[in-house]
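Engineer: Need a 3D model of the sequence below.
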Amino acid sequence: MRVGLLLAAAVALATAAGLENVPTDSRLYDDLDLLKTSGLVRSMPSTSKPWTRGECVRLLVEARGANPSALGPAQRAALKRLEYEFGSELPALPARHPAISIPIPDLGDAQARCDFFSRATATRDQQRLSAGVVIDNRPSDQFCFYERGELTLWHPEIREESLPWDSAGRHIPGMRVLPWRNIATLDAELAYLAFKLPWLRLELGRDEFVWGPGYTGSVMLGDTAPALDHIQLGASYRNFKFLSFTSMLSRWGTKPRFLSAQRLEVSLWNRLTLGGALMDVVSWDEHQPLQLGGIINPLIPVYLSEANANHTGNFLVGWDAIVYLPRTKVYGQLFLDNYEFNTLKGGPQATASQVGAYWTPNLPVEARLEYTRIMPFTYYHRVQSIMYENYLTTMGHSLGPDADQLFATVNVTPNGWLKVMLAGDYTRRGFHNRGDYLRKSYMIPKDTFYLRTHDEFPTRGWDTIPDPDTVVEEVDKTLRFSPGLEIRALRDLFVSLSAGLWHSQNYQGVVGLNKNGVDLALKVEYRH
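Structural biologist: Below is the predicted model:
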């Protein structure tokens with residue numbers, strides 16, 4: 001009876017809580033993941049992000065009604081953080097209040113809100129300090145306006161004249177902007193409107209997406225590249241979720257480019273979620289303008305448009321699965337880039353895969369193990385204008401092509417304000433992982449020797465120093481051990497310290513060069 005009442009309350013609160021998305025880089029996802037894997041949440045969370053505040057509130061209500069004996073220090077700390085963040089949607093809870101709140105006349109308790117945040121990161125090579133503002137509205141159950149802008153100061157200075165030119169013009173690598181007076185950037189990565197329609201959620205604007213259950217990143221669709229300017233339709237009904245969006249990507253010279261993507265998720269028995277996705281990158285083709293009209297319409301299935309487009313686009317396919325066992329989560333995903341190539345005899349296997357497990361025993365300990373493997377030429381097409389990238393940054397996993405990584409971490413949470421982290425990874429990067437898109441992309445060879453040499457992992461690269469025709473092993477192998485601390489003495493303040501001790505063979509692709517190093521990193525966030 002109690003469980004039924006809690007579920008009913010969760011559904012009611014989720015309906016009233018809002019359409020506003022929780023940004024994909026929020027640590028609240030880790031808190032909800034911990035509570036679900038610990039068995040405190042019965043419902044199945046979506047394997048695509050972002051989640052709306054309504055979805056998060058529903059999961060939080062279930063966790064609050066769980067057996068208190070299942071709460072360890074880590075679970076209690078996660079609950080407190082979530083209650084503070086979503087307290088305005090839950091009754092009788094202390095909540096985070098914005099810096100400025102203005103009532104909207106004639107709309108009941110409607111408010112326009114403005115809040116501020118700040119964050120800083122520091123490594124040996126670079127330091128950044130930013131101040132940002134978030135503007136939104138509450139309640140947001142029928143309509144949502146959200147915008148987040150951030151002013152960042154950089155050290156050392158970024159010399160605009162030294163930035164390389166690429167197909168999208170000149171910009172800071174991995175971003176869409178140029179520096180102001182070489183020391184600052186002003187960027188708005190999240191800015192969208194969301195509307196509730198019968199059975200649907202319509203979103204217009206700029207947002208980030210993550211498809212798949214990966215922890216270090218998604219091999220399918222991730223938030224590594226700059227956020228996407230898009231129009232999206234989403235529908236959820238019981239155990240089903242469907243997403244369809246069209247986005248405008250960075251230009252390739254004079255060619256505009258578009259990403260059209262669709263995803264379906266099905267959850268079964270409150271234990272298993274299966275997901276599948278289709279993506280298509282196209283650029284303007286003057287010979288088939290009508291096909292482009294179908295690609296940029298989120299109501300038209302991607303496959304139907306691609307099947308009649310004479311292979312003028314880069315068609316991508318992905319699947320993923322996640323299963324919850326007692327206090328354990330097991331997951332995996334498979335991604336096929338350039339589906340046409342993967343069906344051709346002798347073509348490169350441009351695929352990516354990932355498997356992982358997450359364990360949360362009834363102790364102040366949690367552990368994670370994840371392996372990611374990305375084959376050569378993945379994300380990069382033989383026709384550069386339809387590569388799976390935005391501003392020359394892959395829209396998949398940050399590893400890029402021709403690389404693999406084994407990642408493991410053990411976290412200990414002795415109390416609510418301190419987490420001790422022990423992380424490590426072993427990463428290999430092959431010949432086609434370094435350099436610009438010309439080295440990473442597949443070029444049709446004049447002989448079959450190139451195919452035999454490069455269609456493997458890690459690839460064997462061309463060594464141009466002793467002899468242009470000499471083939472050598474050129475694989476960077478790096479072992480890293482990274483102890484760290486997360487401190488949250490105040491509700492709005494988050495501090496992370498880490499030290500990365502690493503040893504690399506064939507450092508940055510230089511055959512025979514071995515190197516050791518120590519990377520120190522500090523992250524401070526306030527109300528972010």
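Engineer: in stretch 181-193, what's buried?
Structural biologist: If you call a residue buried by 16 or more other C-beta atoms under 10 Å, then stretch 181-193 has these buried ones: 185, 187-192. In this view, the C-beta of every residue, glycine as well, is placed from N, C-alpha and C.
Engineer: ah, wrong one, I meant stretch 225-244
Structural biologist: Within stretch 225-244, the residues that qualify as buried by neighbour count (16+ other C-beta under 10 Å) are 225-234, 236, 241, 243-244.
Engineer: got the CA positions of that stretch in CSV?
Structural biologist: Taking Å, rounded to 0.1, in the frame of the first residue of the first chain, the C-alpha atoms of stretch 225-244 are listed here in CSV:
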residue,chain,number,x,y,z
ALA,A,225,31.6,18.5,-28.9
PRO,A,226,29.9,21.9,-28.6
ALA,A,227,26.1,21.7,-27.9
LEU,A,228,23.7,21.2,-30.8
ASP,A,229,21.3,23.7,-32.2
HIS,A,230,18.2,21.6,-32.8
ILE,A,231,14.5,20.9,-32.9
GLN,A,232,13.5,17.8,-30.9
LEU,A,233,10.4,15.8,-30.3
GLY,A,234,10.2,13.4,-27.3
ALA,A,235,7.4,11.0,-26.3
SER,A,236,7.2,8.8,-23.2
TYR,A,237,4.6,6.3,-22.3
ARG,A,238,5.0,3.8,-19.5
ASN,A,239,8.1,1.7,-20.5
PHE,A,240,8.7,3.3,-23.9
LYS,A,241,10.6,6.5,-24.8
PHE,A,242,11.1,7.9,-28.2
LEU,A,243,13.3,10.8,-29.2
SER,A,244,13.8,12.5,-32.6
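Engineer: from what I can see Leu422 touches Thr409, true?
Structural biologist: Yes: checked against C-beta atoms under 8 Å, the pair Leu422 and Thr409 is within contact range at 6.7 Å.
Engineer: Between these two, which is the more surrounded one?
Structural biologist: Thr409 (19 against 14; other C-beta atoms under 10 Å).
Engineer: Extract the CA atoms of the host helix or strand of Arg148 and return them as PDB.
Structural biologist: If you go by DSSP states H and E, Arg148 is part of strand 143-155. What follows is strand 143-155, C-alpha atoms only, in PDB (Å, rounded to 0.1, in the frame of the first residue of the first chain):
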ATOM      1  CA  PHE A 143       6.400  25.700 -20.800                       C
ATOM      2  CA  CYS A 144      10.100  26.100 -20.000                       C
ATOM      3  CA  PHE A 145      12.600  28.800 -20.900                       C
ATOM      4  CA  TYR A 146      16.200  28.100 -20.000                       C
ATOM      5  CA  GLU A 147      19.500  29.900 -20.800                       C
ATOM      6  CA  ARG A 148      22.900  29.500 -19.400                       C
ATOM      7  CA  GLY A 149      25.700  31.900 -20.200                       C
ATOM      8  CA  GLU A 150      29.300  31.800 -18.900                       C
ATOM      9  CA  LEU A 151      32.200  34.300 -19.000                       C
ATOM     10  CA  THR A 152      35.500  32.500 -18.600                       C
ATOM     11  CA  LEU A 153      39.000  33.900 -18.000                       C
ATOM     12  CA  TRP A 154      41.900  31.900 -19.400                       C
ATOM     13  CA  HIS A 155      45.600  31.600 -18.400                       C
END
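Engineer: Need the contact partners of that strand.
Structural biologist: 18-21, 23, 126-137, 179, 183-196, 205 (C-beta atoms under 8 Å, 6 or more residues apart in numbering).
Engineer: For this protein, just list every one of the helices.
Structural biologist: Using DSSP state H, the helices of the chain run over 2-17, 28-37, 53-64, 73-85, 289-295, 302-307, 339-342, 437-440, 448-454.
Engineer: what sits against Ser43?
Structural biologist: Counting by C-beta under 8 Å, 6+ apart, Ser43 makes contact with 10, 58-59, 62, 270.
Engineer: same thing with Pro94?
Structural biologist: With C-beta under 8 Å, 6+ apart, Pro94 has these contacts: 83-84, 87.
Engineer: if you set the cut-off to 7 Å instead, what comes out?
Structural biologist: Residues near Pro94 by C-beta atoms under 7 Å, 6 or more residues apart in numbering: 84, 87.
Engineer: before we move on, the earlier item: return the member of the helices of the chain having the minimum mean pLDDT.
Structural biologist: For these, mean pLDDT drops lowest on helix 448-454, to a mean of 46.
Engineer: Is Ser353 bridged to anything, and to what?
Structural biologist: Leu334, Arg373 (DSSP bridges).
Engineer: ok, now Leu129?
Structural biologist: Taking DSSP bridges as the rule, Leu129 bridges to Ala120, Leu153.
Engineer: looking at it, it is touching Ile183, isn't it?
Structural biologist: No: counting by C-beta atoms under 7 Å, Leu129 does not reach Ile183; the two are 10.7 Å apart.
Engineer: Among the contacts of Ser43, which one sits closest to Arg113?
Structural biologist: Arg58 (22.1 Å; C-beta to C-beta).
Engineer: contacting residues for the residue lying closest to Met248 once chain neighbours are set aside?
Structural biologist: Excluding its sequence neighbours, the residue lying closest to Met248 (C-beta to C-beta, 6 or more residues apart in numbering) is Asp229, at 5.1 Å. When contacts are counted by C-beta under 7 Å, 6+ apart, Asp229 touches 206, 247-248.
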